[in-house]
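Participant: sharing a model that was predicted from the sequence below.
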Amino acid sequence: MDYMTLKETSEKWGVTPRWINYYCAAGRIPGAVKVATIWLIPKTAEKPIDGRTKKGRQNRQ
């Protein structure tokens, strides 16, 4: 399986690397693994829905 780093994922999804870190730590990205201090995200992973926005809340229902 191919993986991306936090930085690569953040550029792809348009959010900061810190948000990707939050998503990984909360288990919101299936298949993400932590190797030492680095999170690796599968290239096929989809961005979790952001519940802070109206669009995100509408998609969750």
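Facilitator: Looks like it came in fine.
Participant: Three-state assignment for the residue nearest the centre of the chain, please.
Facilitator: Nearest residue to the geometric centre of the chain (C-alpha atoms, centre = their mean): residue 20, 4.3 Å. When classified by DSSP: H, G, I helix; E, B strand; the rest coil, residue 20 comes out as helix.
Participant: determine how far stretch 38-57 lies from the middle of the whole chain.
Facilitator: Computed by C-alpha atoms, centre = their mean, to the nearest Å, the chain-centroid distance of stretch 38-57 equals 5 Å.
Participant: and for it, what are the contacting residues?
Facilitator: Applying C-beta atoms under 8 Å, 6 or more residues apart in numbering, the contact partners of stretch 38-57 are 1-6, 9, 13, 15, 20-21, 23-24, 28-34, 59-60. Where C-beta positions appear, they are placed from N, C-alpha and C, glycine not excepted.
Participant: can I get the CA coordinates of that stretch in CSV?
Facilitator: Written as CSV, here are the backbone C-alpha positions of stretch 38-57 (Å, rounded to 0.1, in the frame of the first residue of the first chain):
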residue,chain,number,x,y,z
ILE,A,38,5.4,10.1,11.9
TRP,A,39,1.8,9.4,10.7
LEU,A,40,1.5,7.7,7.3
ILE,A,41,-1.8,8.1,5.5
PRO,A,42,-3.0,5.8,2.7
LYS,A,43,-3.0,7.5,-0.7
THR,A,44,-6.6,6.2,-1.2
ALA,A,45,-7.9,7.8,2.0
GLU,A,46,-10.6,10.3,1.8
LYS,A,47,-10.8,13.6,3.8
PRO,A,48,-13.0,13.3,6.9
ILE,A,49,-16.1,15.5,7.0
ASP,A,50,-15.5,18.7,9.0
GLY,A,51,-18.4,19.1,11.4
ARG,A,52,-17.6,22.7,12.2
THR,A,53,-19.1,24.0,8.9
LYS,A,54,-22.7,23.9,7.7
LYS,A,55,-21.7,22.0,4.6
GLY,A,56,-20.0,19.4,6.8
ARG,A,57,-23.0,19.1,9.1
